[in-house]
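In: Sharing a model prediction with you, sequence too.
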Amino acid sequence: MSAPPDDSSIPKTLDGIRDLYTGNLAEHGVNSKSVGWRDEATHLLRFDRLARLVNPTVPFTVNDWGCGYGAMCVDFEQRFGAAMTGFTGYDISREMLDAARAAVRTPGARFVHGSDVTEEADYTFVSGTFNVKLESTDAEWAAYVTSRLEALWAVSRRGLAFNLLTSYVDWKEPHLFYGDPRDFFDVCKRRLSKYVTLLHDTPLYEWTILVHREPGA
Ligand SMILES: C[S@@+](CC[C@H](N)C(=O)[O-])C[C@H]1O[C@@H](n2cnc3c(N)ncnc32)[C@H](O)[C@@H]1O
């Protein structure tokens, strides 16, 4: 994957993405459509694949980067119960975070405004956060995704999982980013860890990558 000369368009793009999701929330309310998903079933299918990162026999904490209204926290509490001992969601939309604080009752859950992940967690998750690129070029966005993955990996003690729209499509929306899973598998393998799993096994036009620090971590 070739790197762009710089990433100066990214801050402006992020402002646009923030406004897009804040507008979605105003239009649709707290449901899967406001975070860009067709329905709740496909929303939860994404969490199912991401959740395969977790070894719940050892208690764990979570960073959810681009948490929206906190749907992952609710899902993971049901899925993992008391094994999940902490959950921190980050988002650039203050309105999404207000919705998360109102909707999520999980003990130990907190929601932080911004893009910078300030604290380590055992596992970091990214669901849908990289999908919208607006006017950025594919090369700029691929470099942005790669640099964010490296930064998120640095604060992930046991593992990282993320999803992207797939390049294996026959039609593309110009404002969305379609990642080639082979490129990002390579990025993860070369820059993050030896232990990388690619899942491209749902009817969604998306794939998920799981990265572990150690096998079974
Ligand atoms: C597709 S939605 C998914 C929300 C959530 N992950 C889910 O699946 O329910 C993406 C979310 O990521 C947020 N986001 C996008 N870029 C971000 C960034 N650089 N830092 C933090 N949040 C971001 C958006 O505001 C939006 O709420």
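Out: Looks like it came in fine. Keep in mind the model is a prediction, meaning the values are calculated, not measured. Numbers count the residues shown, from 1 in each chain.
In: Doesn't Arg105 lie inside a strand?
Out: No - counting by DSSP: H, G, I helix; E, B strand; the rest coil, Arg105 is not part of a strand but coil.
In: what's the lengthiest helix in the chain in contact with?
Out: Across the chain, the longest stretch assigned as helix under DSSP state H is helix 10-28. Here helix 10-28 makes contact (Cβ atoms under 8 Å, 6 or more residues apart in numbering) with 33-36, 68-69, 92-96, 99, 115, 132-136, 140, 144. Using the backbone N, CA and C atoms, a C-beta is placed for each residue, glycine as well.
In: can you check stretch 160-170 too?
Out: For stretch 160-170, the external contacting residues (Cβ under 8 Å, 6+ apart) are 46, 49-50, 52-53, 123-131, 145, 149, 152-153, 176-181, 184, 192, 200, 205-211.
In: Now the longest helix of the chain: buried residues?
Out: Residues Ile10, Thr13, Leu14, Ile17, Arg18, Tyr21, Thr22, Asn24, Leu25 are the ones in helix 10-28 that count as buried (16 or more other Cβ atoms under 10 Å).
In: cool, stretch 63-79 as well?
Out: Of all the residues in stretch 63-79, those buried under the rule 16+ other Cβ under 10 Å are 63-77, 79.
In: Identify the residue spatially nearest to the residue nearest the centre of the chain, adjacent ones excluded.
Out: Residue closest to the average C-alpha location in the chain (Cα atoms, centre = their mean): Val126, at 1.4 Å. Using Cβ to Cβ, 6 or more residues apart in numbering and skipping the chain neighbours, the partner closest in space to Val126 is Phe162 (3.7 Å).
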